[in-house]
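[1] Quick one, what's the 3D model for this:
(one chain, ligands or ions: 1)
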Amino acid sequence: MSHEINNIAVLTSGGDAPGMNAAIRAVTRTALYHGRRVYGVYRGYEGMIENDLVELNTASVKHILAQGGTFLKSARSQEFRTPEGRAKAAQNLKDRDIDALVVIGGDGSFTGALKLADEHGIKVIGVPGTIDNDLYGTDFTIGYDTATNTVIESVDKIRDTASSHNRLFLVEVMGRDTGYIAASTGLATGALSIILPEKKATYEELFADLKSAQAHKKTSNIIMVAEGNHLGDIFEIAAAVRNEFPEMDVKVTTLGHTQRGGSPTTNDRVLASVLGHYAVKGLLEGKQKVMAGMINQKVVFTSLENAISKTTELDEEMLTIAKILAT
Ligand code: ATP
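    Sure, this is the predicted structure:
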């Protein structure tokens, strides 16, 4: 293994996701195993600019594997978007002889990491940590499995009350730009319709689904709605449905930040542990400006540039199957 890496820093950035702690633990213990010093950066790039770093040892990351959130905390930093902010951040790393950085986050965090690498020669590597599952170069991102399990647990409960009262529930889930959470949880909960950012839904289609449900005498219905859908705000959609179907008892549930919390599932703990481990291994083998991901159960390194700019198409068949099975 190469000896070009001295000290390694790790941070979590952007939206928090369950499993980030497991990834920090894996990065820390793998780096220590290989005889490197490890520093945790608090509050993402904000903390890097403010020199809010702490040296981590084995005990620093004990008992965090099962905890949701991120003990290093996450933040969004405007100052890091400026060259001056990044210069300050890089200097704080260099003062500690830190020449490599593991960034656990989403595409925005990786964009910032690339700039830090290009402008200041820091060796960066990414670990996909976001509940949205919207990164190219990995089948799943850390946090997605836990978030979707949280959604289906809530929707199963909603379904109980929907059935008891003959109600229609519109359920809003996270996904400003992508609808992976809505699509998979819609299929997993038997939603009548799934409304996503990727597809221009129309009221005609939605009303047709509802009429079909009425024709089949369905007694409870769930419509899964991603935040960034094209029909608009969920309360506006509910108003339009009430207007068209005045006889229906229409309710709205917004699951909101419950989707970010909770103890990570087995899948997320395993993914975070493996990718955190390989991020450090990759750095020590000379890899940089790449993201460690998992494709078909194999660890794959994808350039950060591709991870940021390319998209994985939503599996349209999942929507077709959901439609066939729900009516
Ligand atoms: P999520 O997918 O959960 O939203 P993310 O990593 O995409 O995660 P962002 O808020 O987009 O979250 O980015 C996190 C941080 O990365 C920003 O607050 C900013 O400090 C840094 N960053 C994002 N875009 C850039 C950019 N173009 N240049 C420099 N830094 C950036």
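
[2] Okay, strands next: where are they in the protein?
    In the chain, the strands defined using DSSP state E lie at 7-12, 38-41, 53-56, 98-105, 123-128, 167-173, 193-195, 221-226, 249-254, 290-295, 298-303.

[3] Run me through the strand neighbours of the second one, direction for each.
    Applying DSSP bridges, strand 38-41 is found paired with strand 7-12 (parallel), strand 53-56 (antiparallel).

[4] now swap in the fifth one and tell me
    Its sheet considered, strand 123-128 pairs with strand 98-105 (parallel), strand 290-295 (parallel) by DSSP bridges.

[5] between the ones you listed, which one is nearest to Asn149?
    Asn149 lies closest to strand 290-295 among the strands paired with strand 123-128, at 18.1 Å (CB to CB). (C-beta placed from N, C-alpha, C; glycine too.)

[6] now the longest helix along the chain against strand 167-173, angle please.
    Secondary structure of the chain read by DSSP state H shows that its longest helix is helix 144-165. If you take axes from the mean of the first three to the mean of the last three CA atoms, to 10 degrees, helix 144-165 sits at 160 degrees to strand 167-173.

[7] coming back round to it: need the winner for burial among the strands paired with strand 123-128.
    Across the strands paired with strand 123-128, averaging neighbours per residue (mean count of other CB atoms under 10 Å) puts strand 98-105 on top, at a mean of 27.

[8] Report the contact partners of Ser303.
    By CB atoms under 8 Å, 6 or more residues apart in numbering, the contact list for Ser303 reads 289-291.

[9] Out of those, which is nearest to the ligand?
    The ligand lies nearest to Met291 out of those, by CB to the nearest ligand atom, at 11.6 Å.

[10] what sits opposite that closest one in the beta ladder?
    Gly126, Thr302.

[11] was I right about it contacting Val300?
    No. Judged on CB atoms under 8 Å, Met291 makes no contact with Val300 at a distance of 9.0 Å.

[12] okay, and the common contacts of the two?
    Residues touching both Met291 and Val300 (CB under 8 Å, 6+ apart): 137-138.

[13] OK, now which residue of the stretch 51-200 of the chain is nearest to the ligand?
    Taking CB to the nearest ligand atom, the ligand has its nearest neighbour within the stretch 51-200 of the chain at Gly108, 2.0 Å off.

[14] That residue reaches Gly44, doesn't it?
    No. Counting by CB under 8 Å, Gly108 does not reach Gly44; the two are 10.1 Å apart.

[15] Please enumerate the shared neighbours of the two.
    Shared contacts of Gly108 and Gly44, defined by CB under 8 Å, 6+ apart, are found at 13-14, 76.

[16] least confident pick among those residues?
    Across the shared contacts of Gly108 and Gly44, the bottom pLDDT score, 90, is held by Arg76.

[17] Give me the neighbour count for it.
    For Arg76, the number of neighbouring residues by other CB atoms under 10 Å comes to 15.

[18] Export the shared contacts of Gly108 and Gly44 to CSV and append columns for distance to Ser263.
    As requested, the shared contacts of Gly108 and Gly44 are exported to CSV (distance: CB to CB, whole Å):
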residue, distance to Ser263
Ser13, 22
Gly14, 21
Arg76, 25
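
[19] restrict these to those near the ligand?
    Counting by CB under 6 Å from any ligand atom, 13-14, 76 from the shared contacts of Gly108 and Gly44 sit close to the ligand.

[20] Identify, from these, the entry nearest to Thr327.
    Taking CB to CB as the measure, Thr327 lies nearest Gly14 of these, at 37.6 Å.

[21] surely that closest one meets Phe80?
    No. If you go by CB under 8 Å, Gly14 and Phe80 don't touch, sitting 11.5 Å apart.

[22] Including mean pLDDT and distance to the ligand, could the strands of the chain go into JSON lines?
    Below are those laid out as JSON lines (pLDDT from 0 to 100; distance: least, CB to the nearest ligand atom, whole Å):
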{"stretch": "strand 7-12", "mean pLDDT": "98", "distance to the ligand": "9"}
{"stretch": "strand 38-41", "mean pLDDT": "98", "distance to the ligand": "12"}
{"stretch": "strand 53-56", "mean pLDDT": "98", "distance to the ligand": "16"}
{"stretch": "strand 98-105", "mean pLDDT": "98", "distance to the ligand": "4"}
{"stretch": "strand 123-128", "mean pLDDT": "98", "distance to the ligand": "9"}
{"stretch": "strand 167-173", "mean pLDDT": "96", "distance to the ligand": "15"}
{"stretch": "strand 193-195", "mean pLDDT": "97", "distance to the ligand": "21"}
{"stretch": "strand 221-226", "mean pLDDT": "96", "distance to the ligand": "14"}
{"stretch": "strand 249-254", "mean pLDDT": "96", "distance to the ligand": "18"}
{"stretch": "strand 290-295", "mean pLDDT": "98", "distance to the ligand": "12"}
{"stretch": "strand 298-303", "mean pLDDT": "98", "distance to the ligand": "16"}
